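> Predicted coordinates and the sequence they were generated for:
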Amino acid sequence: MDWSVSAPGHRSVRFGPSRRTMRYGIIVLAVAAMLCAYIVVVVTRADAAETLLSQGKPTTASSTESAATPAESATDGDAGTRWSSAFSVPQWLQVDLGSQQSITRVALNWEAAYATAFTIQTSNDTTNWTNIYSTTSGAGGNVSLTVSGSGRYVRLNATAKSTQYGVSLWEFQVFGGSPGTPGSCGATNVAQGRTATASSTENAGTPASSAVDGNNGTRWSSAASDPQWLRVDLGSVQSICGVTLNWEAAYATAYQIQTSTDGNNWTTIYSTTTSAGGVQALSVTGSGRYVRMNGTARATQWGYSLWEFQIRVTGTPSTTDDTPNSPSPTPTQGGTSVLLSYNKPAVASTFQNDANCNPCTADKAFDNDPASRWATSPTNGWVDPGWIYVDLGAPAHITQVVLQWDPAYAVSYQIQTSTDATNWTSIYSTTTGKGFKETLNVNGNGRYVRMYGTQRSNGYGYSLWEFKVYGTGGNPVQPPAQPADPVFPATNLVWSDEFNTGTNVDTAKWTIDPGTGQNGEIQYYTNLSNTSIQGGSLVIEARKETQGGRDYTSGRINTSNKFSLEYGRVEARIKVPKGNGLWPAFWMMGTDFLQGRPWPYNGEIDIMEILGKSTTDVYSTLHAPAYNGGGGYGQKLTTVDLSLDYHVYSVEWDSKHMTFRVDNTVILVADKDTVETTRGPWVYDHQFYIILNLAVGGDFPGPIDATTPFPSRMYVDYVRVYK
């Protein structure tokens, strides 16, 4: 596709009319599914002998970082809100249970700013405290602590922190009861790693085993029909007391949990016809060697899909975290562990530099730019081994390595360190590399750090978008700071056009973008001839007339070189036209496109696309080098007929996610961690400009026909940007 800098509004190829869109980030529940579901599972557990005592109880703290992170956010049962303290130690967080209680377990869901040294304390008067747990080697993440004590008040007292910031908890949970006594429901997920089978799979990338691998970034999905089932073999007959289902957006509205001793004769131990999806922690009673989810009615036109299928049994529970293999927190840029590899000299076995990858040199893996990459040479580099290393500038202690792979990833590789770039010591090794984003907690020393690949995933070479090394020492240079995340709902209006004055587009705010379109579009975009201001709205009009070598005309405007933004709420109130082949859109492009970076490396954010042939459907989609065109990361929402009135289309965007809505209904939640671990790099942490246009025809909407009305008009009441 020929993209030109002179036409910054050109769009990529979109989903074809019959092509299924991606469903990974769909609906608000999906954010919880990747980052927060583990703690939600703990919150909603219904173990007979263990009770969550702290949720919703009065909570206080030594300090708070801001009004947006109060103490009560750590005990509200919402793993998307958090408490954070001032940037010093000691700091404490305490909850009032209302009366003296027996304390048996404390669960901590740390944000990246965690405590390395802390105690858990109890008291009856908030003056005299008793330690019931203490550590000086806290590692953050999700932690489940078996304790023994009693008191009305329970306090986390942090005395050393991992970063230059304070300490921060998504959730602080206090349990009472006797989770270790005979007959109680254990905490261990006994399904993890067991043999799983299913009635069907959607494709090779979503096998049954992905629902029992302890990884909430992989999933099983079935064929699109009823019934479908997923079962796990526990290896022996066991007493089943709990089942947790972490549904992807394609969930079951009706299903049964069933057990069997032989895999043939099944007993139902739970049944529902009103499931709402999300994370469901079920208390059940039954026994069997095999446990099955039997889906009998689907919530969507697709099949059934589970991120995780977890099973708990009666007996002695694990004393470790309830949620093994939970995602590691992203290292912060302060404290004792920092990014050491940014813009450091790099060397590789070979590199690619041709029309397909120009240039894909070793330094591109260390530039903190997720849209540039290193790749081995197609001439002599598509062989094993293949390697790349970075010179940290001075001896360093390495604690973490983050690899963001291109599809040409390593199945078998080592992370190695060296003091001289000649003699290497392995500090990590795997033969089961899965590609995408791999976060590796390691322990090693050296000035040089190398990825040494010994088995490729396919017939190509090795390629990394990013290779980040964290630790202490070295000679680090920190990358440019990103802007602070806005706090939503954002209310500070920083840019707008209300379209209330004049007779045509305000060229102080908008760039007119004439010319032909991409994607098989058949219109010619004119210079202000097809735009006007009428009745307080911008009107973009598509007409049947010849101009620029085309038989149809329309309008396209954007804010390139006038206004751009990184993060915030972007919204527009729009009324769309109806008619076969019409294609109204409200979207954004990365401003580096204007400096010559080709699409899709600049990134594209489609807030709204609607097809005139089906104006009850609205699409929101992200496009990047690793997922674009028909494979973009997006979702369709079916709702009311959007051509009958104005509706507000918006995105709330920060460094961790984007939430797309029509009016107050969520279309898509795109979570950065989910995208990176399942699709590819997140390329949206930079400036973008806004685009409005009405296309005619093309690959996505299909052709016009005799019923398509001309002229057809897209009305825009306003465009607003909030920070």
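Sure, I can see it.

> Please count neighbours and contacts with C-alpha atoms only from this point.
OK.

> Burial check on the nearest residue to M588 once chain neighbours are set aside, number of neighbours?
The shortest distance from M588 to any non-neighbouring residue, by C-alpha to C-alpha, 6 or more residues apart in numbering, is to I690 (4.5 Å). For I690, the neighbour count with other C-alpha atoms under 10 Å is 25.

> so I690, which of the three states?
Secondary structure for I690, judged by DSSP: H, G, I helix; E, B strand; the rest coil, is strand.

> and it, what is it in contact with?
558-560, 564, 586-589 (C-alpha atoms under 8 Å, 6 or more residues apart in numbering).

> and of those residues, the nearest to G459?
M589 (33.3 Å; C-alpha to C-alpha).

> if I've got this straight, the closest one is in a strand?
Yes - counting by three-state DSSP, M589 is part of a strand.

> hey, where'd the strands end up in the stretch 301-450 of the chain?
Remark: strands assigned in the stretch 301-450 of the chain by DSSP state E, counting those that start in this stretch are 305-313, 338-339, 346-348, 352-354, 357-360, 374-375, 386-405, 410-418, 425-430, 437-456.

> Return the most buried member of those strands.
strand 374-375 (a mean of 31; mean count of other C-alpha atoms under 10 Å).

> Is it correct that T591 is in contact with N602?
Yes - between T591 and N602 there is a contact under C-alpha atoms under 8 Å: 7.2 Å.

> Okay, now the unreliable bits of this structure?
Scanning the chain for pLDDT under 70 picks out 1-50, 79, 177-184, 315-336.

> hmm, what's the outermost residue in it?
T546 (45.3 Å; C-alpha atoms, centre = their mean).

> got a list of what it touches?
Residues near T546 by C-alpha under 8 Å, 6+ apart: 552-553.

> 7 Å instead, please
By C-alpha atoms under 7 Å, 6 or more residues apart in numbering, the residues touching T546 are Y552.

> helix or strand for it, which one?
Assigned by DSSP states H and E, T546 falls within strand 537-547.

> and that strand, how far from the chain's centre?
Centroid separation for strand 537-547 versus its chain: 38 Å, with C-alpha atoms, centre = their mean, to the nearest Å.

> do stretch 84-92 as well
Averaged C-alpha coordinates place stretch 84-92 at 28 Å from its chain's average position (C-alpha atoms, centre = their mean).

> ditto for stretch 706-723
31 Å.

> now stretch 385-400
Worked out by C-alpha atoms, centre = their mean, stretch 385-400 lies 28 Å from the chain centre.

> same question, stretch 586-599
Remark: stretch 586-599 is offset 22 Å from the chain centroid, using C-alpha atoms, centre = their mean.

> what do you get for stretch 201-221?
Mean-position distance between stretch 201-221 and its chain equals 17 Å (C-alpha atoms, centre = their mean).

> among the contacts of I690, who's most crowded?
Among those, M589 has the most neighbours (other C-alpha under 10 Å), with 29 neighbours.

> In contact with the closest residue to it other than its chain neighbours, which residues are there?
Sequence neighbours aside, E604 is the residue nearest to M589 in space, at 4.7 Å (criterion: C-alpha to C-alpha, 6+ apart). E604 sits next to 588-590, 622-624 when contact means C-alpha under 7 Å, 6+ apart.

> could those go into CSV alongside distance to T639?
Output for these, formatted as CSV (distance: C-alpha to C-alpha, whole Å):
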residue, distance to T639
M588, 23
M589, 26
G590, 29
L622, 21
H623, 24
A624, 27
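
> closest to S287 among those residues?
L622 (45.5 Å).

> Look up how far P681 lies from the closest one.
Separation of L622 from P681 (C-alpha to C-alpha, to the nearest Å) stands at 11 Å.

> ditto for A410
A410 is 17 Å from P681, by C-alpha to C-alpha.

> now L594
In terms of C-alpha to C-alpha, L594 sits 21 Å off from P681.

> And these two? Which one has more around it.
More neighbours surround P681 than the other of L594 and P681, with 26 against 17 (other C-alpha under 10 Å).

> is it fair to say the more buried one lies in a strand?
No - counting by three-state DSSP, P681 is not part of a strand but coil.

> wouldn't it be in contact with P370 here?
Yes - using C-alpha atoms under 7 Å, P681 is in contact with P370, at 5.7 Å.

> what residues are up against A626?
Here A626 is in contact with 679-681 (criterion: C-alpha under 7 Å, 6+ apart).

> Quick check: the gap between it and R373.
Taking C-alpha to C-alpha, one finds A626 at 11 Å from R373.

> Next: V291.
According to C-alpha to C-alpha, V291 and R373 sit 44 Å apart.

> Of those two, which one has the most company?
Counted by other C-alpha under 10 Å, V291 and R373 do not tie: V291 has more neighbours, with 31 against 27.

> What residues does the more buried one make contact with?
Contacts of V291 by C-alpha under 7 Å, 6+ apart are 231-233, 258-260.

> what's near enough to touch A394?
Listed by C-alpha under 7 Å, 6+ apart, the contact set of A394 reads 447, 474-475.

> do T361 as well
Shown in contact with T361 (C-alpha under 7 Å, 6+ apart): 351-352, 374-375.

> Turn those into a markdown table, including distance to G286.
Formatted as a markdown table, the contacts of T361 follow (distance: C-alpha to C-alpha, whole Å):
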| residue | distance to G286 |
| --- | --- |
| F351 | 58 |
| Q352 | 58 |
| W374 | 53 |
| A375 | 53 |
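
> ok, E609 touching W587?
No - at 8.1 Å, E609 does not count as touching W587 under the criterion of C-alpha under 7 Å.

> before we move on, back to that, how far away is the residue farthest from the centre of the chain from K636?
Counting by C-alpha to C-alpha, the gap from T546 to K636 is 34 Å.

> Equivalent analysis for N216, please.
Applying C-alpha to C-alpha, the value for N216 to K636 is 23 Å.

> higher neighbour count, the two?
Neighbours were counted for N216 and for K636 using other C-alpha under 10 Å; N216 has more, 24 against 21.

> Run a quick check on that one versus L306, I expect a contact.
No - counting by C-alpha under 7 Å, N216 sits too far from L306 to count as a contact (9.1 Å).

> First-to-last residue distance for stretch 77-89?
This stretch, stretch 77-89, spans 26 Å end to end (C-alpha to C-alpha).

> Could you list the buried residues of that stretch?
Within stretch 77-89, the residues scored as buried using 16 or more other C-alpha atoms under 10 Å are 77-79, 81-89.
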